[in-house]
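*Asks:* quick one: sequence plus predicted model below, questions after.
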Amino acid sequence: MQVIVGTDYAALCAIAADRIEKQIREKPDCRLGLATGSSPLGIYEELIRRCREEGLDFSRVRTVNLDEYLGLSPEHGQSYRHFMDRVLFDRINIDKRNTFIPRGDGDPEESLREFRACLSGGEIDLQLLGLGSDGHIGFNEPGSVLQDQAHIEELDPSTIAANSRFFDDPAQVPRRALTMGIGDIMRARSLLLIISGSGKEEAAARLLLGGDVTCLCPATFLRLHRDATVLLSRTLADKIGWKE
Ligand code: GLP
């Protein structure tokens, strides 16, 4: 696992955007795995800038997202489909038919079948990840087991609390989500995890400072991946005592 410490969030986003740009230039029809949440926002802004000002071409890029809330329609303001359209897809030259986000409304089993079919339809070249304060990646919550394939996950109370900042009323935060499994994430050719935001110290320390790879902190599985990169700020690195 490669660990890169950047001076600040903007520097981390530039490094991540460089990786994604390199991937697209090497393979214009690559398949990117994308993430939601606050952490990737600066990366998406930088990719939009490169698309508009430097001709970075998304016209043949295909994407699949990590997860979606169950119970929210694609039109809902807090659905991950709506989020991705707003913060990235509507602002770059991607063909939206080539973007996949599992459906949060309708029959969950049917959405799950579609999600699994999508994932088994091709390899992910580069998977972008954020880190949950409880150590989750995608919506793979800590527990006694982690699931290999896409599945329905009951969200941890700490995740519901953390994500309630996006909703008018905490009671509106969905309790369940569809998520790629830990195996789906690990099968991506390369992984890029950006750690940003408050309350991530403990999870970051478990990932970076050694100790066991454990279902109790799903992000620790990144240590077993052949091409995983973790990006964090100097401030966070100092706080948790990470030494290069
Ligand atoms: C959310 C998402 C994750 C995201 C994480 C961190 O619940 N399902 O994919 O990476 O939690 O979110 P944030 O970047 O907003 O801290």
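*Replies:* Sure thing, it's come through.
*Asks:* and the closest residue in space to Arg103 that isn't next to it in sequence, how far from Ser120?
*Replies:* Nearest residue to Arg103, sequence neighbours excluded (CB to CB, 6 or more residues apart in numbering): Ser111, at 4.4 Å. In this view, the C-beta of every residue, glycine as well, is placed from N, C-alpha and C. The gap separating Ser111 from Ser120 is 15 Å, by CB to CB, to the nearest Å.
*Asks:* also Tyr9?
*Replies:* Tyr9 sits 35 Å away from Ser120, taking CB to CB as the criterion.
*Asks:* which of the two has more neighbours?
*Replies:* Using other CB atoms under 10 Å as the criterion, Tyr9 and Ser120 rank with Tyr9 on top: 18 against 12.
*Asks:* next up, the contacts around the more buried one.
*Replies:* Residues near Tyr9 by CB atoms under 8 Å, 6 or more residues apart in numbering: Gly42, Ser196, Ser233.
*Asks:* just the ones of the residues you listed in strands?
*Replies:* By the criterion of DSSP state E, membership of those in strands covers Ser233.
*Asks:* which of the contacts of Tyr9 lies closest to the ligand?
*Replies:* Nearest to the ligand among the contacts of Tyr9 is Ser196, at 6.3 Å by CB to the nearest ligand atom.
*Asks:* grab the nearest non-local neighbour of the closest one.
*Replies:* Nearest one to Ser196, counting by CB to CB, 6+ apart, is Ser39 at 4.3 Å.
*Asks:* give me the number of residues near the one you found?
*Replies:* When neighbours are defined as other CB under 10 Å, Ser39 has 24 of them.
*Asks:* equivalent analysis for Gly71, please.
*Replies:* Gly71 is flanked by 15 other residues according to other CB under 10 Å.
*Asks:* test my guess that it contacts Gly104.
*Replies:* Yes - with contact defined as CB atoms under 8 Å, Gly71 reaches Gly104; the gap is 6.1 Å.
*Asks:* and for the two, which residues touch both?
*Replies:* Residues touching both Gly71 and Gly104 by CB under 8 Å, 6+ apart: Pro174.
*Asks:* okay, helices next: where are they in this protein?
*Replies:* Ranges of helices in the chain, per DSSP state H, are 9-26, 41-54, 80-87, 108-120, 157-163, 182-186, 201-208, 234-240.
*Asks:* how about the residues of the chain near the ligand?
*Replies:* Residues of the chain lying near the ligand by CB under 6 Å from any ligand atom: 35-39, 66-67, 130, 132, 138-139, 159, 163, 197.
*Asks:* please indicate which of these are buried?
*Replies:* Buried subset of those (neighbour count, 16 or more other CB atoms under 10 Å): 35-37, 39, 66-67, 130, 132, 138-139, 159, 163, 197.
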